[in-house]
Each structure stands twice: as structure tokens, then as C-alpha cells.
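Trainee: When you get a sec, could you give me coordinates for this:
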Amino acid sequence: MSIFRYAKLDSCLTPLSVDGMGELQSWPMPWPQRLNSKPPSLLDSDATDEFYKDSKLWSQLVSDVYAEGLSIKWSSIRNVMDMNAGYAGDLVQYMQFSGLDRSILLIPLTVICINTILFASALIDLPVWVMNVVPIDVWDTLSVIYDRGLIGMYHDWCESFNTYPRTYDLLHSSFLFQYVEKRCDIVDVVAEIDRILRPDGYLVVRDSLEILNKLTPVLHSLHWSVSLHQNQFLVGKKSFWRPTAFE
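Mentor: Sure thing, here's the model as predicted:
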């Protein structure tokens, strides 16, 4: 059983600003302004510029790659899950692939943690609902998710996810499997993905080529179609396949 299953979420909620007398000074920004404003839980004063810069980067990535380059039929997508919504190392890996200025690594760790959460905000113009999942293996950014007016939860991907089968139309994983495979078999994780994804739904994995090469035969064994893009994106599409005979 996950240690987070019955954990209280009070620590994930950023306290409202009060003065020395305990009087409330301000309320959070209303929706949707709070989505793209600096989250109150990012306390470092240098975080604002990097936050906006990374928001632009993720918006461009979703627009140029996810929306146009991965052959996903977005008109059929309604329920989306980001399986690794707050992975701190994601920006590092993205920079290694794209050749971005590594001086960004000098910014506070809390800023690096926020970057993958920007996947959900980059989808704001699409008619989709996104569940942001913070795995137990990575940095805890659930408070940032809540600050931005998004929905999220903790989960251990070595366990089953508490939802009905065929709930989601698209699952997004950004540099998750390299951590999960240290504790459990990725075959078990893929089996859970197959359970909660509807037929004709998509799995988008952004990861190292080594991880993508491990996932490809597993997905093929489930009769999924698989394609690789730029050696850093895997798109799997679940089929309607069912066995024709039983032993």
C-alpha cells in the first residue's frame, strides 16, 4: 500500500498571505490568471523569469512536437494523465536533447521542479481534462500544481492506479521509467497503462533511447502500434485486439 494513500494534503496547500497581525492580505489570483502566474510556493525571488521562460518552452514543445509532429488525433482526446507531472530531472534531460544553455541549471531547484507541470498548462487551449500525477520517486511538486489551479495526486507506479479500466484517452510520461525500473519491472507498469487506457488511446513517452527501446517490444507484445520520433519520443496506440481462441 502506498504511504501517501491516506496522507493529509494540508502541506500541499500554500498558506494565504497575512500581515503581522494575522490579517489576510490577498487572495490567490482567479482562474485562469493563476495558471500562468508565479506559484506562491515558489519562494525564491529569482524564480519568476525562469518560470515564464520555461512556460514558453513547454508551450512551444506541445505546439510544435506534441500537437503537430506525433500523429495524435487530438480531436478524440478528452481525459489526459501526466504520469510524471513534477520530475525535477526532466529539464536536464530536455536540455541534453535540445542543446539548450546549461547555465539554466544554476537556477534554484524549485524552479527546475516546476517545468514538467507546464505540460498540463500548455494544453489549456484544448478541450481536455488533465490529471497530474506526482510519483513517489521524484521531487514533491504537488503544492505547485495546486497553486496553479490544477488537479493532482501522489502515486507509486509500482502499484496499480485507483481508477476504472479504460478511463484515459492519453497518458504522458516524461522521464519516468528510468526511476520506476529501479524498484519494479516495467512490464508490470505497462500492463497497468494498458488497463487504464481506452482502445485507440495513446501513450506518449519522452525518455532516453535506451528506455524507449525497452518499452517498444513490450508494447508490441500487447498488439499496440508503436512509432519513434527524433529518438526521444515514443507514441504507442492501443488496439482493439482480442484473442480469437482460448486454450
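Trainee: Where do the strands of the protein begin and end?
Mentor: With strands called from DSSP state E, the chain shows them at 79-82, 129-135, 152-155, 168-174, 197-206, 225-229, 233-237.
Trainee: now these as TSV including mean neighbour count?
Mentor: Using the backbone N, CA and C atoms, a C-beta is placed for each residue, glycine as well. Formatted as TSV, the strands of the chain follow (neighbours: other CB atoms under 10 Å):
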stretch	mean neighbour count
strand 79-82	23
strand 129-135	23
strand 152-155	20
strand 168-174	24
strand 197-206	21
strand 225-229	14
strand 233-237	21
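Trainee: Could you dump those strands into JSON lines with distance to Leu42 added?
Mentor: Output for the strands of the chain, formatted as JSON lines (distance: least, CB to CB, whole Å):
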{"stretch": "strand 79-82", "distance to Leu42": "19"}
{"stretch": "strand 129-135", "distance to Leu42": "16"}
{"stretch": "strand 152-155", "distance to Leu42": "16"}
{"stretch": "strand 168-174", "distance to Leu42": "20"}
{"stretch": "strand 197-206", "distance to Leu42": "23"}
{"stretch": "strand 225-229", "distance to Leu42": "32"}
{"stretch": "strand 233-237", "distance to Leu42": "28"}
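Trainee: Of all those, which one comes closest to Thr216?
Mentor: Proximity to Thr216 (CB to CB) singles out strand 225-229 among the strands of the chain, at 5.2 Å.
Trainee: that older thread, turn the strands of the chain into TSV, including distance to Ala67 and mean pLDDT.
Mentor: Shown next, in TSV, are the strands of the chain (distance: least, CB to CB, whole Å; pLDDT from 0 to 100):
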stretch	distance to Ala67	mean pLDDT
strand 79-82	13	90
strand 129-135	15	88
strand 152-155	23	88
strand 168-174	12	93
strand 197-206	11	95
strand 225-229	13	95
strand 233-237	13	96
